[in-house]
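Visitor: quick one: sequence plus predicted model below, questions after.
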Amino acid sequence: PESSLYQQLGGEDGIASITDGLLREIEQDQRIVHHFADTDIERFRKLLAEQLCELSGGPCRYSGGTMQQSHTGFNISLADYDALVDGLIKVMQQQKISISAQNQLLALLAPMYKDISYR
Ligand code: HEM
């Protein structure tokens, strides 16, 4: 049988690596790093990993705030979103995630844009 998206992303370890890689990308991205100036990065890392795990069908439950609540006050634009997705794709490429799995994850994230943007 076809393996779940969670498995295709490398399970718990794979998702931890994707999350850490994305945090490194954000850190180096002058387009968006300013949004995270006051963020508790350890908390963000934990919650993002939980969310990616649950979203991809893994055995986790996301314990953070709603996407609307969590992004209020940041006035996030489509360009900001695209910048973050650029970083995510780069990291998934580096970790040899299949294109099909990359696209499945991006398709699950895309509908969240309306909740995070311009809050
Ligand atoms: C689909 C894309 C995104 C997902 C799945 C996502 C997910 C998350 C999660 C799980 C949290 C933690 C929530 C909590 O603290 O309870 C968070 C916080 C945050 N996100 Fe996003 N996010 C996305 C896009 C973005 C974008 C594009 C930006 C800006 C470039 C952004 C900026 C932030 C910031 C600054 C915080 C921390 C807020 C704080 O310090 O309290 N996010 N996000």
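Guide: Everything's here; your move.
Visitor: please make it C-alpha for all contacts and neighbour counts, starting now.
Guide: Noted.
Visitor: how far away is the closest residue to L5 other than its chain neighbours from L106?
Guide: Distance criterion CA to CA, 6 or more residues apart in numbering; nearest residue to L5, sequence neighbours excluded, is S56 at 5.3 Å. According to CA to CA, to the nearest Å, S56 stands 11 Å off from L106.
Visitor: ok, the two, which is more surrounded?
Guide: Higher neighbour count among S56 and L106: S56, with 22 against 14, using other CA atoms under 10 Å.
Visitor: was I right about the more buried one contacting Y6?
Guide: Yes - assessed by CA atoms under 8 Å, S56 is found in contact with Y6 at 4.8 Å.
Visitor: tell me which element the residue nearest the centre of the chain falls in.
Guide: Of all residues in the chain, the one closest to the mean position by CA atoms, centre = their mean is L48, 6.0 Å from it. Using DSSP states H and E, L48 falls within helix 41-55.
Visitor: would you mark the buried spots in that helix?
Guide: 45-53, 55 (16 or more other CA atoms under 10 Å).
Visitor: helices and strands around it, which ones?
Guide: In this structure, helix 41-55 packs against helix 11-27, with contacts taken as 3 or more CA pairs under 8 Å, 6 or more residues apart in numbering; DSSP states H and E.
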